[in-house]
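1. What shape does this take:
(chains A and B)
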Amino acid sequence: MGESDVWQGTLALMILKTLQSMGPLHGYGIARRIEQISQDQLIIQYGTIYPALLKLEQEGYISSDWGESENKRRARFYRLTRAGRRQLERECQRWEKAAAVLARFVSTGEEAV
Amino acid sequence: MRKLRAFLLRFWGLSGDKRQDEEFAEELQSHLQMHIDDNIRGGMTPDQARREAILKLGGIEQTVQRQRDQRAFSFFESLCRDLRFAYRNIHKSPGFTTVAVLTLALGIGANTAIFTLLNAILLRPLPVQNPEELLLFGDGYAAGSTESVPDGNWKLFSYSFFHDFRQKDTSFSGIAAVDSTQFETKASISGGAYQTTHVNLVSGSYFSVFGVPAFLGRTIGESDDSTEGAGTVAVASYSWFQRHFNGDPSAMGKVIRIQSHDYTLVGVAKPGFSGVTVGQSTDLWIPLSMEKAFSRAGWNGLGNKLFQSLYLIGRLRPGVTAAQASAETNLLFKQIVRSYLGPQPSQKHLDDLARASIQLTPGGRGVSLLRYALWLPLQILMAIVALVLLIACANIANMLLARGVVRRREIAVRMALGASRRRIVFQLLTESTLLAFLGAAAGVALAWKASGLLLNMATPGPDPVPLNLAPDLRVLGFTIAVTVLTSLLFGILPAFRSAGFEFTPALKDGRGSSSASTRGALARSLIIGQVALSVLLLVVASLLLRSLIHLYDVDTGFDKHNVLIFSLDSSTANLPHGPDEIRSVRLQEQIEGRVQAIPGVRSDGFAFFAFNDGAWSDRVLFQGVPRSPANGESVSFNISGNGFFSAMGIPLIEGRTFSSEDRGTAKVAVINQTMARRFFPNSSPIGYRFAIGETPDHPGEIEVIGVVKDSKYYTLDEGPVMEAYFPCTQNPGFFGNFVVRYAPGANQQEISSRIRHAIAEINSNILVNSVTTLEEQVDRSIARQALIAQLSAFFGILAVFLACMGIYGLLSYSVARRTNELGIRLALGAQSHALLWLILRECIFLLVLGFAIGIPVALSSTHILKSLLYQLSPLDPTAIAIAIAAVACITVGAAWLPARRASKINPMQALRTE
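-> Below is the predicted model:
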């Protein structure tokens, strides 16, 4: 899989979820983690994280600050805001619902005929 | 809500991106570093670690770009950045920039200047209310008066008709009438000095129909126009009011004296309104009821139902279409005029009326004789300057293509770093647009001055034509549109070429052969286009110039050298009208006698018309001569003093001219050769009698006493005209033209001032409005043709010059590129003049192709000029041959220099170059 429009929307969700489970993290860490979770099914270029991070920050779902990374390097850390937490819940619910509906189509297609 | 927050933040992000850029660079840097550390820990070598991290990140340039796009509105931000970059580039190559900006200034400036005139004369609506609702009766291309029965497309109307039509019509919510002649007369304010004033006689409905309110006081109303002679009021224009009263409201109620009548100033019209004639500016409006006070001999507007001298403009009633109004108007027109013809009209009159009609034309742009004279020349000039701009664009495109070659490396590097083709094209287009706007700014300043100058050249005379030539919205809009179009025209091709490169060969060395040859083909086709357009423009120019030369060579019939013409104004001299009018004639004779005595003066005479002045015409009937198509046309009349013929240098052919014998009641006339020939093809007209009119009341009242040579009366390109002269003594009145012939070599200034003294001595109230020479009058009459010929020649030469620059540039480049090859040829024994020929051949090939396109285009389009050419066919072979020869010589001349350089190549040096 490469990049496509579908992933643009889901990237935001994946970032928020990563921040929720991992706590405050820098851009590199988030990108690494997403790749890990997707079990390398997703081959993304790490650079695409940054515009998405900026957009989430402009929308107020995450906030950022300079901090120190594990190996003593200066890095920008991102964390969820309260609004971000709420947005994450909403988005998760929407995805689950959508997935359930779609699943019904895909599995019962043959029987309906 | 969130989206709005993001949007606003992006807006905020437009400013101050430098710090954010640095911070993001730092973030990326630390990202890479962490990745590299991880890789090293995972076992890679530092080099591998670094490479993998960079690859995994994706294109750095792209990431930065997308970050920027997200941070602020990418479009505006990149636009600002592009503009800054473009500005820096322009500074880097001042030579190219100067040439480009100058060329553009000239091209865009010329277009704007002509469009300013076009706008002012042809397009701009009057500053009145809802101009689109106004309809003009007729097309307005007539002025003066006539008493004939309408028999075609009718343009002037009588006061009675205006009155009767208004009572019956239902299509118009109001109709305004205005005298087609603007009176230039002398007025005295509150007993002060007499000054030249321009007066319009208008109906009471004028201001309300046009919806022009008063700025001070009131405007003319219906009550002012109801009774003849009772409307002794005047409304001033705002500019006249400012000039004479400086805005002082106490001007209301002041008395203005014009030609022995007093008028009370009752109001000032709103600023910006100066009448409905474009090209004339009104000082005072006075009701038509006062028409007799302004009459010349023979005028009787209010009483005579068929004395037609007014323009009528009506405002459509809401809901009525122009077609409906037209139908009703024509119906009423015929009814009303029929009623004027009396109980037993002649069959001829009925036939005339049957053919008559009124064409309702849009009235929102007013009336303008200037428009009639200039609409075709202006459009042709517009086309010419547009073509010149096109040629200029081709030149600049060629120059940009050449620069594109030089900048290939820079662009290739940028593309390698990840800039998309779209960005590169956009940035290059921004550079072109910046150039174009710089040129346009200079051009607009140029145009402002130039359009005033052009107007003066087209309408010379002692007084400048009062047209507002300040740039308005339409002109500015036009300029911006032209600028954008220009920048696209010359910028798109080079931009796409530059961005469409494969960058690998470019990075390697500097020259790939395929790209150079396609660039060459592009440049060549541009030059072929330039040559074709230059041919077209020069053909037009040479046709107009030849026509102008024909006009200058016309035999005017009179001798235009050494003649002064004085324009005299007697309105303040209180000369009597009516039975005592003969005193005016005595006065004229006194002046003639006194001036004759001045040393250096050969002869002098008064006249109604001199040359290019106006006309008074009617049909005549000779006793004993049947009507024929040849003699059935109108004869033009003039009234002159005894010395007029010798003053004008019109030779006598037969009989005699006026003398002191012709004072009595036996009326006489002198006719010209054409009139003599038409009525008396085989015999002498001397002694025969005629009378004026279709069916004159007193047939045979005028006897022919002499025949003079034909001359030109109104314009130089008029056909044969029948002319009859009457003596002043039998047609009393004070005539404004005083013609004086002086000895060749005499001091013109001195004689002129002595004549002024003489006139003042005899009657100090006779004022001299202006003094010109007959030569000037003649030249002024063809000012329009002279202007368009000169301008088309100027732009034609400019076009060829631009094309030459293109050819020079292309051939120089070609020679430089082929230096190696040429050196080898020389070394192998080629003669140097063979090399010369080799290079010239390129030029000649382009020339021939350019001619192949340009000549057919020229031949098929010159018929548009037909009405502007005097005794010249639009396909005149001499003119066309001259144009082609000129283009060929000049362009080959331009090619000569690079060709010579080619032949002078030192083979050893050439072989060493790449």
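
2. From now on I want contacts and neighbour counts done on CA atoms only, so please keep to that.
-> Noted.

3. State the next helix or strand along the chain beyond the helix or strand of chain B with the lowest mean pLDDT.
-> For chain B, the helix or strand with the lowest mean confidence is helix B:503-508, at a mean of 48 (criterion: mean pLDDT, DSSP states H and E). Counting by DSSP states H and E, the next helix or strand C-terminal to helix B:503-508 is helix B:513-552.

4. Tell me the residues of chain A that contact chain B?
-> Applying C-alpha under 8 Å from any C-alpha of the partner chain, we find that chain A lies next to chain B at A:27-28, A:45-48, A:50-51, A:54-55, A:58-60, A:71, A:73-76.

5. Nearest the geometric middle of the chain, what residue?
-> Since no chain was named, I'll use chain A. A:Met14 (1.5 Å; C-alpha atoms, centre = their mean).

6. think we crossed wires, I meant chain B
-> Taking C-alpha atoms, centre = their mean, chain B has its central residue at B:Leu378, 4.3 Å away.

7. what about that residue, helix or strand, and which?
-> With DSSP H and E as the criterion, the answer for B:Leu378 is helix B:369-406.

8. now that helix, how far from the chain's geometric center?
-> From the chain centre to the centre of helix B:369-406 is a distance of 16 Å (C-alpha atoms, centre = their mean, to the nearest Å).

9. Then stretch B:781-794?
-> That offset, for stretch B:781-794, works out to 11 Å (C-alpha atoms, centre = their mean).

10. For it, give me every contacting residue.
-> The contact list for stretch B:781-794, computed with C-alpha atoms under 8 Å, 6 or more residues apart in numbering or on different chains, reads B:374, B:377, B:381, B:384, B:454, B:457-460, B:537-538, B:540-542, B:544-545, B:548, B:551, B:612, B:715-716, B:868.

11. do the same with stretch B:269-283
-> B:121, B:126-128, B:182, B:197-200, B:212-216, B:219, B:235-240, B:365-371, B:465-467.

12. before we move on, what about stretch B:120-140?
-> B:153-156, B:210-212, B:272-273, B:276, B:278-279, B:311-316, B:358-371, B:375, B:467-469.

13. which ones among the residues you listed are found in helices?
-> B:Phe210, B:Leu369, B:Leu370, B:Arg371, B:Trp375 (DSSP state H).

14. List the residues that contact the third one.
-> Same thing as B:Leu370. With C-alpha under 8 Å, 6+ apart, B:Leu370 has these contacts: B:Ile121, B:Val278, B:Gly279.

15. Any quick ChimeraX command for the buried ones out of the ones in helices among the contacts of stretch B:120-140?
-> Listed next is the ChimeraX selection for buried residues among the ones in helices among the contacts of stretch B:120-140, using 16 or more other C-alpha atoms under 10 Å in any protein chain shown:
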select /B:210,369,370,371
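
16. Buried by neighbour count: which residues of the helix holding B:Leu378 qualify?
-> B:369-371, B:374, B:377-378, B:380-382, B:384-402, B:404-405.

17. which is the next helix or strand following that helix?
-> By DSSP H and E, the next helix or strand past helix B:369-406 is helix B:408-416.

18. Past that following helix, which element shows up next along the chain?
-> Following helix B:408-416 in sequence, per DSSP H and E, is helix B:421-458.

19. now B:Glu694: how far from B:Ala816?
-> As defined by C-alpha to C-alpha, to the nearest Å, B:Glu694 lies at a distance of 81 Å from B:Ala816.

20. Just want to know which of the two has more residues nearby.
-> B:Ala816 (16 against 13; other C-alpha atoms under 10 Å in any protein chain shown).

21. Surely the residue nearest to the centre of chain B touches B:Leu118?
-> Yes: judged on C-alpha atoms under 8 Å, B:Leu378 makes contact with B:Leu118 at a distance of 6.3 Å.

22. pLDDT below threshold where in chain A?
-> A:1-8, A:40, A:108-113 (pLDDT under 70).

23. And the strands in it, which stretches?
-> A:25-26, A:62-68, A:74-80 (DSSP state E).

24. got a list of contacts for the first one?
-> By that I understand strand A:25-26. By C-alpha under 8 Å, 6+ apart, strand A:25-26 touches A:Leu19, A:Ser69, A:Ala75, A:Arg76, A:Phe77, A:Tyr78, A:Arg79.

25. Could you count how many residues lie near the fifth one?
-> Other residues near A:Phe77 come to 21 when the count uses other C-alpha under 10 Å.

26. That one: what's it in contact with?
-> Contact analysis of A:Phe77 by C-alpha under 8 Å, 6+ apart lists A:Pro24, A:Leu25, A:His26, A:Gly27, A:Ser64, A:Asp65, A:Trp66, A:Gly67.

27. Go again with 7 Å.
-> The contact partners of A:Phe77, by C-alpha atoms under 7 Å, 6 or more residues apart in numbering or on different chains, come to A:Pro24, A:Leu25, A:His26, A:Ser64, A:Asp65, A:Trp66, A:Gly67.

28. Now list the buried members of those.
-> Applying 16+ other C-alpha under 10 Å to those flags A:Pro24, A:Leu25, A:His26, A:Ser64 as buried.

29. returning to what we had before: and which of the contacts of B:Leu370 is nearest chain A?
-> Of all these, chain A sits closest to B:Ile121, with 56.0 Å by C-alpha to the nearest C-alpha.

30. So what's the residue count around that closest one?
-> Neighbours of B:Ile121 (other C-alpha under 10 Å): 25.

31. B:Ser584 now?
-> 20.

32. Once you drop chain neighbours, what's closest to B:Arg627?
-> Nearest residue to B:Arg627 in three dimensions, chain neighbours excluded: B:Leu621, at 7.7 Å (C-alpha to C-alpha, 6 or more residues apart in numbering or on different chains).

33. which SS state does that neighbour fall under?
-> strand (DSSP: H, G, I helix; E, B strand; the rest coil).

34. Any stretches of the stretch 451-600 of chain B with poor pLDDT?
-> B:501-519.

35. coming back round to it: and the gap between the residue nearest to the centre of chain A and A:Ser21?
-> Distance from A:Met14 to A:Ser21, by C-alpha to C-alpha: 11 Å.

36. now the helices: where do they sit in chain A?
-> Counting by DSSP H, the helices of chain A are A:5-22, A:27-37, A:49-59, A:82-112.

37. which one of these is the most hemmed in?
-> With neighbours taken as mean count of other C-alpha atoms under 10 Å in any protein chain shown, those reach their highest mean count in helix A:49-59, at a mean of 21.

38. got the CA positions of that helix in CSV?
-> The C-alpha atoms that make up helix A:49-59 are tabulated as CSV, following Å, rounded to 0.1, in the frame of the first residue of the first chain:
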residue,chain,number,x,y,z
ILE,A,49,3.5,13.0,9.7
TYR,A,50,4.5,16.6,10.1
PRO,A,51,1.8,18.4,8.0
ALA,A,52,-0.7,16.2,9.7
LEU,A,53,0.7,17.1,13.2
LEU,A,54,0.5,20.7,12.3
LYS,A,55,-3.1,20.5,11.2
LEU,A,56,-4.1,18.7,14.4
GLU,A,57,-2.3,21.4,16.3
GLN,A,58,-4.1,24.2,14.4
GLU,A,59,-7.4,22.4,15.1
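
39. what does it contact?
-> So helix A:49-59 is contacted by A:12, A:27, A:31, A:62-63, B:2-3, B:5-6, B:9, B:66-67, B:70 (C-alpha under 7 Å, 6+ apart).
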